[in-house]
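Undergrad: Mind looking at a prediction? Sequence and model below.
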Amino acid sequence: MNRSKKLTTVLRRSKDTIKKIFTSKRRIIEFSLTILLLILGLAVYLTLSDKKGDILHERYDYTNKELNEGTNAYRLENFDKAEILFLKAIESTRRKKVKSLAALYLGNIYYKMNNYNEAIDYFQRSLFYNKKNVHALYNSALASLKNGDSGRALKYALKAFDIKDDYLPNLLLLGNIFYATEKYSKALSTFNRSEDSDAVVKFNKACAYLRLGEIAMAENLLHSIIDDTQSNQTLKGVSFFTLGYIKQNNDVERAVHYLQSALDIFPSSAVLKYNLSLILLKQENYPEIATLLRSVKGRLKDIEFNALFGRALFQGRYYKEALDFYTDLYDQTNDADIAYIIGDIYVKLNNVKMAKHFYEIASKDPENEGALINLIHIYLDEGNYKEAAVVCNGFLLHEKDDPLPYTCLAEVCFRMENTAAAKENLEKAVLYSKDNVQDLMRIAMVYQENRYYSNALQLYHRIISIDSTFHWAHGGIAEIYLNTGHLEKAKNIISRIRNNIEDAGLFYKLSILLAQADATDNGLHIYNELIRDFPYQYEAYQNLSLRLIDTGEYEKAIYNTEKCLQNITVIDKKILSNLYSILGIAQRFSGNDHEAINAFKTAYELDGGNEIPLLNIKMISVQAHDQVHNQAHNQAQ
């Protein structure tokens, strides 16, 4: 297995830090920890300028100059002036209900100034003058919530309910207090007391139904809000968001649609973009995630955001941008885990020297086993077996009972052609694996790479007996059957499990194997499907071009290989060399020797160890020489 496959294997270990987040799919976050603040932001109206309020239909001394001027100043949001006038109004009249109204306005002013204690004092003074002032009780409850005193808020809301049990704002408030304290049945019962079909009420009911597990009821209410042309756009937006929350696990496409609709209403919402990115992560739509998160970079500063954005850049193949992003993080933190990721990025950029440098930094933390493994494979690819062995032995000093260093050391021994030592280390690795399927899988893969198929098959079957759903082991068995000529057995295994696999990497690998095992048009169809669904993976292009060359379809092979080289911009130089070699062969057989020679030269420049380019250039030269010789001979005759 080449190094690029080693670096991307799902079996790579990582500790519970940024590397774990780098590969995790975090649950969608809500707009707020509870629906409470959201709903109150919609339902609150502290002023008494609403002419539906009963208090304004009672008879007051509106000839009181200070009260009238204070009310006008309040409506114009000139709160400093309004404060002075309302204080004068309280002093200038003996009418208790006028005093109650002025005190209520003063409480509202202090509430708007975030002075909640002072606001509560004036709301209570308002109640002193008018014990049945439901607005003062309601506002006292809101201010208490702002102070974090939900118990006191509940007391005021219940008093307001006793006075007026159909006052909608208080019903919403009381229901939300029950909701916030996880008394969802009481919350729903409170909301249902309202006969109002207002969208705010519907949304509150939907949230309560959702918490009670009555998903269909919640969805129906949310859709009715969205379909109602009279609904507030904000409520439509949060309804779309909530539907996305509901659908995130069982219908990803619809969840994406709902969150995109919410984003149309809240186009600058960083939280929405982050949540949509988490859903798109399930679709592995990394370019779209990167686009979304670029627009909120700097506004969401936490490790989860950094991990998601970094992963999107890496998996979306924005390697240079990913390098800049992680380099900035590393400069700030000197975190060995980030050094590990930077090493992976440099591998993708074909800069082995810098990859090695950062893996060495990362491997100073003994728990960074993945960095150690990658460093060992770099040394192996360089032929520096001595240094690879030194790293393995250093690994063993820290992890004597861990199968991984023995597995790595076995790889080194195989490269050094010390088969006995290699097998001895693999036997130790099996002993220390303690039936861990990932450790056993890694050991089996080393046996398989070195053609010890019976040992590999034995471990693959052992893995399946431990966990029959571990499809990587099934894939390993199929690959061995394919390599040993048992094509039908390989096809049967892959066909049986292929459509039940959620891991995109394993699905791709097994599909490649299935296409290799199928010499019919169905094999070609599988390759074309993989190119369509995984346009940035090279294996399907490469295998299809080789199949087309075998069948004499050289122009199609040229087109397919050139398409691959256009889409696959950054991959291992040896792989690129192989692709240019395939391109040159197709061009040569199509009769275009000049372009073929250019392709072979590029292949050789990428990998001087690739013998195919020089061999083909030599053959073209010999053929050209023979043609000239034959022409000269014919002319002489």
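TA: Good, I have the coordinates. Since we're looking at a predicted model, the values are computed, not measured. Residues are numbered from 1 along each chain as shown.

Undergrad: mind listing what's buried in the helix or strand encompassing D264?
TA: With elements delineated by DSSP states H and E, D264 resides in helix 252-265, which encompasses its position. The neighbour-count check on helix 252-265 (16 or more other Cβ atoms under 10 Å) flags V252, A255, V256, H257, Y258, L259, S261, A262, L263, I265 as buried. Every C-beta, even on glycine, is put in place using the N, C-alpha and C of the backbone.

Undergrad: Can you give me the separation between Q260 and I84?
TA: To I84, Q260 is 50 Å away according to Cβ to Cβ, to the nearest Å.

Undergrad: Including pLDDT and distance to L222, could the buried residues of helix 252-265 go into a markdown table?
TA: What follows is those, written out as a markdown table (pLDDT from 0 to 100; distance: Cβ to Cβ, whole Å):
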| residue | pLDDT | distance to L222 |
| --- | --- | --- |
| V252 | 88 | 18 |
| A255 | 91 | 13 |
| V256 | 92 | 17 |
| H257 | 94 | 14 |
| Y258 | 94 | 9 |
| L259 | 92 | 13 |
| S261 | 94 | 12 |
| A262 | 91 | 11 |
| L263 | 92 | 17 |
| I265 | 91 | 14 |
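
Undergrad: Surely Y110 touches E118?
TA: Yes: in this structure, Y110 is within contact of E118 by Cβ atoms under 8 Å, at 4.2 Å.

Undergrad: Neighbour count for those two, which is higher?
TA: Y110 (20 against 16; other Cβ atoms under 10 Å).

Undergrad: which residues sit in contact with E562?
TA: L583 (Cβ atoms under 8 Å, 6 or more residues apart in numbering).

Undergrad: Which residues in whichever strand or helix holds it does the neighbour count mark as buried?
TA: With elements delineated by DSSP H and E, E562 resides in helix 554-567, which encompasses its position. Neighbour-count burial for helix 554-567 flags Y554, K556, A557, I558, N560, T561, E562, C564, L565 (criterion: 16+ other Cβ under 10 Å).

Undergrad: Distance check, the second one against H525.
TA: Here K556 is placed at a distance of 14 Å from H525 (Cβ to Cβ).

Undergrad: what do you get for the fourth one?
TA: In this structure, I558 and H525 are separated by 21 Å, where distance is defined by Cβ to Cβ.

Undergrad: can you check the first one too?
TA: Taking Cβ to Cβ as the criterion, Y554 is separated from H525 by 20 Å.

Undergrad: give me the element I531 is part of.
TA: Mapping I531 onto the secondary structure by DSSP H and E places it in helix 521-533.

Undergrad: buried stuff in that helix?
TA: Judged by neighbour count using 16+ other Cβ under 10 Å, the buried positions of helix 521-533 are G523, L524, I526, Y527, L530, I531.

Undergrad: what angle sits between that helix and helix 554-567?
TA: The directions of helix 521-533 and helix 554-567 differ by 30 degrees, with axes from the mean of the first three to the mean of the last three Cα atoms, to 10 degrees as the criterion.

Undergrad: Give me the helices and strands touching helix 521-533, please.
TA: Helices and strands touching helix 521-533, by 3 or more Cβ pairs under 8 Å, 6 or more residues apart in numbering; DSSP states H and E, are helix 504-517, helix 538-550.

Undergrad: Can I get stretch 129-142 in CSV, CA atoms only?
TA: Listed in CSV are the C-alpha atoms of stretch 129-142, where the atom choice follows Å, rounded to 0.1, in the frame of the first residue of the first chain:
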residue,chain,number,x,y,z
TYR,A,129,-51.2,51.5,43.1
ASN,A,130,-53.2,48.9,41.1
LYS,A,131,-53.0,45.3,42.4
LYS,A,132,-54.7,44.0,39.3
ASN,A,133,-52.3,45.5,36.8
VAL,A,134,-51.5,42.3,34.8
HIS,A,135,-49.0,44.2,32.6
ALA,A,136,-46.9,45.1,35.6
LEU,A,137,-46.9,41.5,36.8
TYR,A,138,-46.0,40.3,33.3
ASN,A,139,-43.2,42.8,33.0
SER,A,140,-42.0,41.9,36.5
ALA,A,141,-41.7,38.3,35.4
LEU,A,142,-39.7,39.3,32.3
